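Student: only geometry, no sequence info:
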């Protein structure tokens, strides 16, 4: 896979044309929903004339199709937004373009980022970069696949409960979910506001660090953003690393455990202290997540009614407009999460479900804080299995949700976490290992990952 450095100092038009040609050559993966060829080439020519400069001048990239961008539609992979053309760009896109990067298109995802496989897209599933009979992971499946296929050196994604880390693991690329609030969410279609984060997928940790430094920082348009703190630096000394024992049980695929254990041994060989730790709240994290997140989803999607937002269905009454627009515009998983969220927020069940879930979330955060009082980094698998076959979990939403069991804890606690390529299964499928850090220790995670890449 290419690195960002491979595109620096080369004709920007040549870079863009090469990336667009690669995108078209790999259409069978269904990883890209649209290409912004005219705008991308125009910006490339401006770079070549010296009118646009920056550390990423002429470097092409792809954004998940829930980022608002110029040059085409932003669909969130849904029918209800199929024809939406953004009147503004996401802050992350603006920051990248200010450094000369060129967005060539938009990547496929689970509609409104609801899913863990990119099978829930209104425009068809994205296929795994290694085995087209397997899922790409989700919801940032398209973003992971375009990097794995070497179409672009980096892609933007969003991670609410594992949506960058899991597809990164399934496709053998690096994917980082930063500390909550590190990157502005302005101009990104909302899923769950208390766990949504903006991150990046790359071929290596150094490139991920480069992009994170550019897109991070305070944004007056997003009051949840943190003051600038991300500063890439080499790894200082050795670290004390905890392996979450509840994530290494027999319920986890044998190949996943073996690859994770091998990575742990490499950490020890590099001089780091590695010990087993307990995160007893892990077994409750999925239940917490699938109460809290659908509640926020039901609120955020309330605006899509065919009148204020979204494609309007043909109907004769106001009630029919609402009903038909949502029925035609939302995927089954969108409807499922809206219904769950509306239920747990209803007057009869708010205390019984939503309030209890938030209290349990606090207990999970407290347990993480206690662990980080003694450890610098925690290690766990990214997912309990390698990429599964397309359609294997489609009929059983609970089975699909279980794929998130390793990634949702860090999301609920607002912690930085990343997936690093660590090996392959016996059938050749990529497997990643998850590194979890303290809040605002994003640069430490990336430095650790980079040091492990260099020692490999």
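Tutor: Thanks, I have it. Keep in mind that this is a model prediction, so the values were computed, not measured. Numbers count the residues shown, from 1 in each chain.
Student: OK, contacts around the most centrally placed residue in the chain?
Tutor: Closest to where the C-alpha atoms of the chain average out (CA atoms, centre = their mean) is residue 164, at 2.4 Å. Going by CB atoms under 8 Å, 6 or more residues apart in numbering, residue 164 touches 140, 143, 144, 157, 158, 175, 176, 177, 199, 200, 201, 419. Bear in mind the C-beta positions are built from the backbone N, C-alpha and C, glycine included.
Student: can you report phi and psi for the residue lying farthest from the centre of the chain?
Tutor: In the chain, counting by CA atoms, centre = their mean, residue 316 sits farthest out from the average C-alpha position, at 39.9 Å. Note on residue 316: its backbone torsions stand at phi -110, psi -20 [degrees, to the nearest 10].
Student: ditto for residue 424
Tutor: Torsion angles, degrees, to the nearest 10, at residue 424: phi -130, psi 160.
Student: for the nearest residue to residue 120 once chain neighbours are set aside, the count of nearby residues, please.
Tutor: Using CB to CB, 6 or more residues apart in numbering and skipping residues adjacent in sequence, the residue nearest residue 120 is residue 110, 4.0 Å away. Residues lying near residue 110 (other CB atoms under 10 Å) number 31.
Student: isn't residue 110 right up against residue 123?
Tutor: No: distance between residue 110 and residue 123: 11.0 Å, which falls outside the contact criterion (CB atoms under 8 Å).
Student: give the residues shared as contacts by the two.
Tutor: Contacts common to residue 110 and residue 123, judged by CB under 8 Å, 6+ apart, are residue 77.
Student: max-length helix in this protein?
Tutor: helix 282-300 (DSSP state H).
Student: give the buried residues for that helix.
Tutor: 282, 285-286, 288-300 (16 or more other CB atoms under 10 Å).
Student: can you tell me which of these is nearest residue 17?
Tutor: Set against residue 17, the nearest of these by CB to CB is residue 300 (38.1 Å).
Student: helix, strand, or coil at the closest residue to the closest one other than its chain neighbours?
Tutor: Nearest residue to residue 300, sequence neighbours excluded (CB to CB, 6+ apart): residue 190, at 4.5 Å. What DSSP: H, G, I helix; E, B strand; the rest coil gives for residue 190 is coil.
Student: same check, this time on the one 10 residues further on
Tutor: Applying three-state DSSP to residue 200 yields a three-state assignment of strand.
Student: hey, where'd the strands end up in the chain?
Tutor: 32-35, 60-64, 102-107, 154-159, 174-177, 197-202, 240-244, 273-277, 377-381, 417-424, 430-437 (DSSP state E).
Student: please identify the deepest-packed of these.
Tutor: Of all those, strand 174-177 has the most neighbours on average by mean count of other CB atoms under 10 Å, namely a mean of 32.
Student: list the pairing partners of it within its sheet, with orientation.
Tutor: strand 197-202 (antiparallel), strand 417-424 (antiparallel) (DSSP bridges).
Student: any idea how far residue 170 is from residue 387?
Tutor: 4 Å (CB to CB, to the nearest Å).
Student: who has more neighbours, these two?
Tutor: Counted by other CB under 10 Å, residue 170 and residue 387 do not tie: residue 170 has more neighbours, with 37 against 31.
Student: OK, contacts around that one?
Tutor: 128, 134-137, 141, 144, 383, 386-387, 429-430, 432.
Student: before we move on, what about residue 298?
Tutor: Contacts of residue 298 (CB under 8 Å, 6+ apart): 337, 338, 339, 340, 341, 342, 345.
Student: and the residues you listed, which are buried?
Tutor: Here, 16+ other CB under 10 Å leaves 337, 338, 340, 341, 342, 345 buried among the contacts of residue 298.
Student: name the nearest residue to the last one, ignoring sequence neighbours.
Tutor: Spelled out, it's residue 345. That would be residue 295: by CB to CB, 6+ apart, it lies 5.1 Å from residue 345.
Student: just the pLDDT for that neighbour.
Tutor: Note on residue 295: pLDDT of 97.
Student: from residue 322, how far out is it?
Tutor: Distance from residue 295 to residue 322, by CB to CB: 20 Å.
Student: same check, this time on residue 286
Tutor: Distance from residue 286 to residue 322, by CB to CB: 32 Å.
Student: do the same with residue 304
Tutor: 10 Å.
Student: neighbour count for these two, which is higher?
Tutor: Remark: of residue 304 and residue 322, residue 304 carries more neighbours, 24 against 17, as counted by other CB under 10 Å.
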